[in-house]
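S.K.: With the sequence up front, the predicted model follows.
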Amino acid sequence: MNDLGGAPVAPVLAIDGPGGAGKGTISRLVADRLGWHLLDSGALYRLVALDAIQRGVALDSEPGLADLASRLEARFLSADGNSRVLLNGVDVTDAIRSEAAGDGASRVAALPAVRRALIERQRAFRRAPGLVADGRDMAAVIFPDAGLKVFLTASVEERARRRHKQLKDKGIDVSLSALSRDMVERDRRDSERSIAPLKPGDDARILDTTGMDIPRVVDVVLQWAAERGLTT
Ligand code: DC
């Protein structure tokens, strides 16, 4: 029940952490196992960056970007375990994963007006039977009442290696050292920004996934969710 005794509020499992920690993969698998909805909040910032690049809006123009963010024409489609993202009716599933979109996302995500413009859109993903929310400020800002808050992390070297493999599998060749450097720089930008900086809250459970395989990480998160009474 919510505070007013109205309809039950769907439970939220928040998974925050730095890029390359495996949040995307883990969040999707946990959502699948629970049969819950999934919010990939990073995709929203990537979409704003891509929309800006396509429309020629400067990546430091806060009012212009906030305006784009509030009118973002984005759809998340999911069928047969296959999910696609559309921007202005065009499939941009691969385009938002490019390093350019990722770098742009990190820039636009540092702008308070852009973050504000995306708050309600993110909260709208909360629907029964539950939501796994993947991002940086899911626990602290978007869903402060989440039933479980996980902060997923891994060493910079391991995160760079994982990202390198991901890109290589897609036929994209980038040097590991350049990726490491970018990752350190993006971490710095994400954790030093004044609004919603990336850091674990006091009520988050920290999971360092360095050296852990994916099924093991999923099991730990599901076990924590069960301990909190989020799963039946
Ligand atoms: O998780 P990701 O790599 O798709 O995120 C892209 C960028 O967006 C990253 O630099 C951090 C930022 N971001 C954010 O500030 N807040 C979120 N809730 C999700 C992502």
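M.R.: Great, that's in hand.

S.K.: which of the residues in the host helix or strand of Asp219 are buried?
M.R.: Assigned by DSSP states H and E, Asp219 belongs to helix 214-227. Within helix 214-227, the residues scored as buried using 16 or more other C-beta atoms under 10 Å are 217-218, 220-222, 224-225. To be clear about C-beta, it is placed using only N, CA and C from the backbone, and glycine gets the same treatment.

S.K.: CA atoms only: put that helix into CSV for me.
M.R.: The C-alpha coordinates for helix 214-227 follow below in CSV (Å, rounded to 0.1, in the frame of the first residue of the first chain):
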residue,chain,number,x,y,z
ILE,A,214,27.8,-13.1,-14.5
PRO,A,215,25.6,-16.0,-13.1
ARG,A,216,27.2,-15.6,-9.7
VAL,A,217,26.5,-11.8,-9.6
VAL,A,218,22.9,-12.4,-10.6
ASP,A,219,22.5,-15.0,-7.9
VAL,A,220,23.9,-12.7,-5.2
VAL,A,221,21.5,-9.8,-6.3
LEU,A,222,18.5,-12.2,-6.3
GLN,A,223,19.4,-13.6,-2.9
TRP,A,224,19.6,-10.0,-1.5
ALA,A,225,16.2,-9.3,-3.1
ALA,A,226,14.7,-12.3,-1.5
GLU,A,227,16.2,-11.3,1.9
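
S.K.: Show me what that helix is packed up against.
M.R.: Where contact means 3 or more C-beta pairs under 8 Å, 6 or more residues apart in numbering; DSSP states H and E, helix 214-227 is packed against strand 12-16, helix 23-34, strand 148-153, strand 205-208.

S.K.: Please, which helix or strand holds the closest residue to Ile142 other than its chain neighbours?
M.R.: Once flanking residues are discounted, Ile142 sits nearest to Gln122: 5.0 Å by C-beta to C-beta, 6 or more residues apart in numbering. In this structure, Gln122 sits in helix 112-123 according to DSSP H and E.

S.K.: Compute the mean per-residue pLDDT across the helix or strand following that helix, please.
M.R.: The helix or strand immediately downstream of helix 112-123 is strand 131-135, counting by DSSP H and E. Strand 131-135 shows a mean pLDDT of 97.

S.K.: With stretch 145-153 instead?
M.R.: Across stretch 145-153, the average pLDDT comes to 96.

S.K.: Just give me how far that stretch sits from the chain centre.
M.R.: Its chain's C-alpha centre and that of stretch 145-153 lie 12 Å apart, by C-alpha atoms, centre = their mean, to the nearest Å.

S.K.: Check stretch 103-118 too.
M.R.: The answer for stretch 103-118 is 13 Å, by C-alpha atoms, centre = their mean.

S.K.: related to what we said a few turns ago, what sits against the residue nearest to Ile142?
M.R.: Contact partners of Gln122, counting by C-beta atoms under 8 Å, 6 or more residues apart in numbering, are 39, 41, 44, 133, 135, 142.

S.K.: now swap in Glu62 and tell me
M.R.: Glu62 makes contact with 111-114, according to C-beta under 8 Å, 6+ apart.
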